[in-house]
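*Asks:* I need the structure of the sequence given here:
(one chain, ligands or ions: 2)
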Amino acid sequence: MTNPLRRLRSIKVKLSIVIVAAVATTLAVNEIGIYLNFRAGFRAGVAALIALLMVQLMSRGMTSPLRSMERAATAMARGDLDERVSVTSKDEVGRLAVAFNLMADEIAEVDRQRRDLVANVSHELRTPISALRATLENLDDGVVEPDPVLIATMLAQTERLQRLVTQLLDLSRLESGGTLLHRIRFPVADLLEAVADEGSLQAPRITFTVDVDPSEQAVYADPERLHQVFANLVDNAARFTPDGGEIILRARPYDHHLRLEVLDEGPGIPPEAMARVFERFYRTDDSRSRDAGGSGLGLAIARWIVDLHGGRIRAEQRDPRGCRMVVELPLEA
Ligand SMILES: Nc1ncnc2c1ncn2[C@@H]1O[C@H](COP(=O)(O)OP(=O)(O)OP(=O)(O)O)[C@@H](O)[C@H]1O
Ligand SMILES: [Mg+2]
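*Replies:* Ligands and ions are numbered 1, 2, ... in the order given. Model (predicted):
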């Protein structure tokens, strides 16, 4: 039998109804007892029994979510994050149970992400370390002679390790909210020019074009952090753009925002990967097969920084080919 009070949304109202019903029952039973000439003690006993039964019946289910929440919370404290509370009532306890389940979902998701992260980090660190170790063992055994190519490879592996560790530290600092932005107003062309100059040094065979209109357009941001964003975007763009190609860095104000774009002439990002490239350690299959690629942290860092600025970042397909990375930052504080 379902509880007749189940639909009520307030515990106070439920309790009031239960009390009134119990009092009324007691009175009614007492009256009937007087009419049937029962003794006072007997009347009181029967009335109390019936009232108790009724209270039991009516308040059924009112506290069971609390008990099941207690069970679930204990299970979660032990590390079992799958336990949930079944919600039957619409009152405060029922709403608390709903909130509890939401919280449990959230904790389970965070836990899953943490496990993923640890697994990914260990994997990314292990690969270059194993390679380095194998080479060093061969050198130690005298199987190979130290030659400049070998040393350059080992150096590249150490650099990759160092870059990875720096990125991880950056990301954890950003995610823990430990970074404060030092926002100032400065000409966005300065930043894009600096990033383009660095890009030209790294990829001399690619043309970098900075296109800012109006040319003195200012941006309100943390210059160093924003530089990091565009260095990461240009790093990717340069990796995918063929020699002789062009990378465009563009800035245009629109509707209280500044839209900044990095356009390249690479293969672009497949539509199904567009949202996922901003996840930590995500790489498209194409770039996984290329050994030159990084570890998939650059865009995750970029997204954190843009988020901290209250902006948005997304990847788009460029017509006819190439990738367009769009960053939108609010112009005001
Ligand atoms: N301009 C681009 N064109 C095509 N694919 C891209 C482009 N930018 C990013 N990607 C894809 O998104 C993935 C994630 O990029 P991200 O910058 O986060 O990592 P990464 O460049 O592989 O490594 P890291 O930046 O940490 O050195 C890349 O591996 C690549 O597959
Ligand atoms: Mg990158």
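*Asks:* contacts, neighbours, all on C-alpha from now
*Replies:* Will do.
*Asks:* right, and the helix or strand after the one helix or strand F230 maps to?
*Replies:* Taking DSSP states H and E as the criterion, F230 maps to helix 223-240. On the C-terminal side of helix 223-240, the nearest following helix or strand under DSSP H and E is strand 246-254.
*Asks:* Could you show which parts of the stretch 1-150 of the chain are in contact with ligand 1?
*Replies:* Nowhere does the stretch 1-150 of the chain come near ligand 1, counting by C-alpha under 6 Å from any ligand atom.
*Asks:* The chain: helices as residue ranges?
*Replies:* In the chain, the segments counted as helices under DSSP state H are 11-35, 40-58, 64-77, 92-141, 148-175, 188-202, 223-240, 285-289, 298-308.
*Asks:* For ligand 2, give me its nearest residue in the chain.
*Replies:* The nearest approach of the chain to ligand 2 comes at G298, 4.2 Å away (C-alpha to the ion).
*Asks:* give the contact list for that residue.
*Replies:* Taking C-alpha atoms under 8 Å, 6 or more residues apart in numbering, we find G298 in contact with Q167, N232, L233.
*Asks:* again, only this time at 6 Å
*Replies:* Counting by C-alpha atoms under 6 Å, 6 or more residues apart in numbering, G298 makes contact with N232.
*Asks:* Kindly provide the distance from it to ligand 1.
*Replies:* Separation of G298 from ligand 1 (C-alpha to the nearest ligand atom, to the nearest Å): 3 Å.
*Asks:* likewise G296?
*Replies:* Using C-alpha to the nearest ligand atom, G296 is found at 3 Å from ligand 1.
*Asks:* For that residue, list the residues it contacts.
*Replies:* Going by C-alpha under 6 Å, 6+ apart, G296 touches F281, Y282, R283.
*Asks:* Give me the nearest residue to it, chain neighbours excluded.
*Replies:* Leaving aside its sequence neighbours, G296 sits nearest to F281 (C-alpha to C-alpha, 6 or more residues apart in numbering; 4.0 Å).
*Asks:* how close does that neighbour sit to Q113?
*Replies:* Look at F281 and Q113: by C-alpha to C-alpha, to the nearest Å, they are 12 Å apart.
*Asks:* When those two are compared, which one has more neighbours?
*Replies:* Set side by side, F281 and Q113 show more neighbours around F281, with 19 against 13, by other C-alpha atoms under 10 Å.
*Asks:* so who does that one touch?
*Replies:* F281 is in contact with S295, G296, L297, counting by C-alpha under 6 Å, 6+ apart.
*Asks:* Now the stretch 1-150 of the chain against ligand 1: closest residue?
*Replies:* Closest to ligand 1 within the stretch 1-150 of the chain is E124: 10.6 Å, counting by C-alpha to the nearest ligand atom.
*Asks:* Leaving out the residues flanking it, which one is nearest to that residue?
*Replies:* Spatial nearest neighbour of E124, chain neighbours left out: S295 (7.1 Å); criterion: C-alpha to C-alpha, 6+ apart.
*Asks:* Run through this structure and note the low-pLDDT ranges.
*Replies:* Residues of the chain meeting the criterion pLDDT under 70: 1-3, 286-293.
*Asks:* ok, 80 please
*Replies:* Counting by pLDDT under 80, the chain shows low-confidence ranges at 1-6, 60-62, 88, 175, 177-179, 285-294, 333.
*Asks:* How many residues are close by the residue nearest to I301 when sequence neighbours are not counted?
*Replies:* Using C-alpha to C-alpha, 6+ apart and skipping residues adjacent in sequence, the residue nearest I301 is L171, 5.9 Å away. By the criterion of other C-alpha under 10 Å, L171 has 20 neighbours.
*Asks:* Please apply the same query to the one 10 residues further on.
*Replies:* Per other C-alpha under 10 Å, the neighbour tally for L181 reads 14.
*Asks:* Same check on the one 10 residues further on?
*Replies:* The tally of other residues near L191 (other C-alpha under 10 Å) stands at 17.
*Asks:* And it, how far from N138?
*Replies:* Distance, L191 to N138, using C-alpha to C-alpha: 46 Å.
*Asks:* A221 now?
*Replies:* Separation of A221 from N138 (C-alpha to C-alpha): 50 Å.
*Asks:* Would you mind telling me which of those two has more residues around it?
*Replies:* A221 (24 against 14).
*Asks:* which residues pair with that one across the strands?
*Replies:* I184 (DSSP bridges).
*Asks:* Now do stretch 24-44: everything it contacts.
*Replies:* With C-alpha under 6 Å, 6+ apart as the test, stretch 24-44 has contacts from A47.
*Asks:* Okay, now it: how far is its last residue from its first?
*Replies:* Stretch 24-44: ends 13 Å apart by C-alpha to C-alpha.
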